[in-house]
Every structure is written in C-alpha cells, then in structure tokens.
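Q: Test case, fold it:
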Amino acid sequence: FYTFWELWGSVMISLLFWQFANDITRTEEAKRFYAMFGLIANVALIFSGTTVEYFSEIKDKLPPEIDAWGYSLNYMMGAVVLCGVAAIALYWWVTEYVLTDPRFYDASAPKNKKEKKDKPKLSVGESFKLIFSSPYIGYIAILVLAYGVSINLIEVVWKDQLKQAFPNPNDYGAFMGKFSRATGIVTMLLIWFTKGIVRKFGWFTGAIVTPAVLIITGALFFAFVLFKDELTPLVAGFGLTATLMATYIGAIQNILSKGTKYSNFDPTKEMAYIPLD
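A: Take a look at the predicted model:
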C-alpha cells in the first residue's frame, strides 16, 4: 500500500499525463498551454487538501469504539478510486471523440516543424558515463539531486516534529489536508507573479530563487528544532510550544520551497536542456 501510494502521484498521474500531453501537443502549442497545465494542476492540491481535511475530521461524528482513522482512510481511498475511474472515462472520451474529430485535431499534421533526428539508444552504464563525461549534463544532475536531498532532509525532520505535535492520525491527516491546500494556493500565486522573472532578469535569477528560499527557511526551521529548549519561553508568549512552532515553520518552509520549485526551479531546469542535442 505504501509503495503504490508513493508511486501513484509521480507515475500514474504525472508521468502518464505528460506522456499523453507530449504525444498530442505540438511545439507551437506547448508555449501557450504548458504553463496553463502547471497552473491548473495545482487546483488539484486545493481540492485534495480540502477532501483529506474533511474526511480526517469525520472522527468527531463517530462513536469512540469505531476505528476513526480506518474509517477516514476508506473514504479517502474511495475518492481516489472514483477520480481514477473519472480519469479513465475522460481519457477514453478524448481519444474516441476529440482526437478523431478533424475540427479539433489533425493527426496527420507534423508535431514539430523540424524532423527529429534518431536518438542513440544508451544503456544504463552508458547513460551514467555520458553524465560524468559531460560537465553540462553533470551540472543538471547535481541541480536535481541537490534539490531532492535538501528537501528530503528537511521533510524527514519536519514530519517527525509533526508526529510529535499531532500524534492522532486523524489530526495529522487534517493538518496535511490544510498543508496541501495552502501549497496549491501559494504555488498558483507564485506561478502567476513570477512567470516573467526569467525574461526580465535572466535565467540565473529564476534558478537561484529556489535554493535561496531553501537555505533561509531551512535554517530558520532547524534553529527551532536544535534550540527548542532555549526558545520555549519565547514562543510560550504566543500560546504555543516550541514543537508546535517548529511544525508551523516547517510547514511554511515546505510550502514556499515546493511553490518556488514548481514555479521557478522546474521551468529553469527544463530550459537548461534546450542547448543540448
């Protein structure tokens, strides 16, 4: 269950969607629609966050002898299944009635103005050799790995603080629902307000935003975790414990880092591939 849960978002949703989008979208259309795809995709976080929060808080309406978390989990999985069936039905309708209608889609038209060259087929070993022999590709690999390691180091510590602050799984789920909704809203706002940053200030400015946000917010979060005892009297005036304050700061850190990743890191990373053959 845990393995499939982790794979669902990245493989079943993201990979299959972009594979389908790349297959039917032409180069000149991509400039217009791809940014819109990213913007609309984050609407899902708002709806899913609200759904998770609602089903997590359903425990208040249940008698104490019922397994509230199991009850909530069944409802959430039911929502996933219904959305999956809806996605299958929509995909079938698009392929049967939209992509076969010449008014909407001409399957014979070339997707790219230039003919694609045959790409060499590389084995896994040859792929790693290419990465290590090409400084340019190596730098892109470091960018991706550095983000992945950084965000996971912070998330592991943050989720440990989150478990301490919300030991009940329903309370934990309700908080994560609010977190997902906030991530979707902030990401949409960041995409909207920073979409011209590369055009106005250059690639480096757009690319440096995400690591800068990670460093600043990550340092603040770890300060609360490492100096929890010293900071307890300070945060007590706000009616909070140091653990709860670290949890909220970690949530803000994650929201901002993921928001800047989707709005700045991902586009600048994709732009870095343009000079490659």
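Q: From Ser134, how far off is Met188?
A: 36 Å (CB to CB, to the nearest Å). Heads up, the C-betas are built off the backbone N, CA and C, glycines and all.
Q: Then Lys195?
A: 30 Å.
Q: which of those two has more neighbours?
A: The neighbour comparison of Lys195 against Ser134 (other CB atoms under 10 Å) goes to Lys195, with 16 against 13.
Q: Give me the pLDDT for that one.
A: pLDDT, Lys195: 72.
Q: and it, what are its phi and psi?
A: Per-residue torsions, Lys195: phi -70, psi -20 (degrees, to the nearest 10).
Q: Give me the contact list for stretch 194-207.
A: Applying CB atoms under 8 Å, 6 or more residues apart in numbering, the contact partners of stretch 194-207 are 35, 143, 209, 263-265, 267-269, 271-272.
Q: Filter those residues down to the buried ones, ChimeraX style.
A: Typed into ChimeraX, the line below selects the buried ones among the contacts of stretch 194-207, using 16 or more other CB atoms under 10 Å:
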select :143,209,263,264,265,267,268,269,272
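Q: which among the contacts of stretch 194-207 gets closest to Ser56?
A: Of all the contacts of stretch 194-207, Ser263 has the smallest distance to Ser56: 27.9 Å, by CB to CB.
Q: Contacts only, for that closest one.
A: 187, 190-191, 194-195.
Q: how far away is it from Thr187?
A: The gap separating Ser263 from Thr187 is 6 Å, by CB to CB.
Q: Tell me the one among the contacts of stretch 194-207 nearest to Ala223.
A: Val209 (21.6 Å).
Q: right, and the closest one touches Gly259 too?
A: No. If you go by CB atoms under 8 Å, Val209 and Gly259 don't touch, sitting 10.1 Å apart.
Q: Helix or strand: which one has Tyr105?
A: For Tyr105, there is no helix or strand it lies in under DSSP states H and E.
Q: my read: it touches Thr25, true?
A: No. Between Tyr105 and Thr25 there is no contact under CB under 8 Å: 10.4 Å.
Q: Give me the subset of the contacts of stretch 194-207 lying in helices.
A: The helices, defined by DSSP state H, take in 35, 143, 209, 267-269, 271 from the contacts of stretch 194-207.
Q: Can you say which two of the residues you listed are spatially most distant?
A: Using CB to CB, those span at most 20.6 Å, a distance reached by Ala35 and Leu143.
Q: So what touches stretch 53-61?
A: 68-69, 71-72, 75-76, 79, 170-174, 176-178, 181.
Q: ok, now stretch 235-254?
A: Under CB under 8 Å, 6+ apart, the answer for stretch 235-254 is 151, 154-155, 157-158, 161-162, 164-166, 175, 179, 182-183, 217-218, 220-221, 224-225, 228-229, 231-232.
Q: Buried by neighbour count, from those: which ones?
A: Here, 16+ other CB under 10 Å leaves 151, 154-155, 157-158, 161-162, 165-166, 175, 179, 182-183, 217-218, 221, 224-225, 228, 231 buried among the contacts of stretch 235-254.
Q: Please parse this protein into its domains.
A: 1-115, 123-276 (the TED database).
Q: Return the most buried member of those domains.
A: domain 123-276 (a mean of 16; mean count of other CB atoms under 10 Å).
Q: Any idea how far apart the tips of that one sit?
A: 19 Å (CA to CA, to the nearest Å).
Q: Can I get the helix or strand hosting Asn22 in PDB, CA atoms only?
A: Element membership of Asn22, judged by DSSP H and E, is helix 16-24. C-alpha atoms of helix 16-24 as PDB (Å, rounded to 0.1, in the frame of the first residue of the first chain):
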ATOM      1  CA  LEU A  16       1.200   9.300 -17.800                       C
ATOM      2  CA  PHE A  17      -0.300  12.800 -18.100                       C
ATOM      3  CA  TRP A  18       2.800  14.400 -19.500                       C
ATOM      4  CA  GLN A  19       3.300  11.400 -21.800                       C
ATOM      5  CA  PHE A  20      -0.200  12.000 -23.200                       C
ATOM      6  CA  ALA A  21       0.300  15.700 -23.400                       C
ATOM      7  CA  ASN A  22       3.600  15.500 -25.200                       C
ATOM      8  CA  ASP A  23       2.100  13.000 -27.600                       C
ATOM      9  CA  ILE A  24      -0.800  15.200 -28.800                       C
END
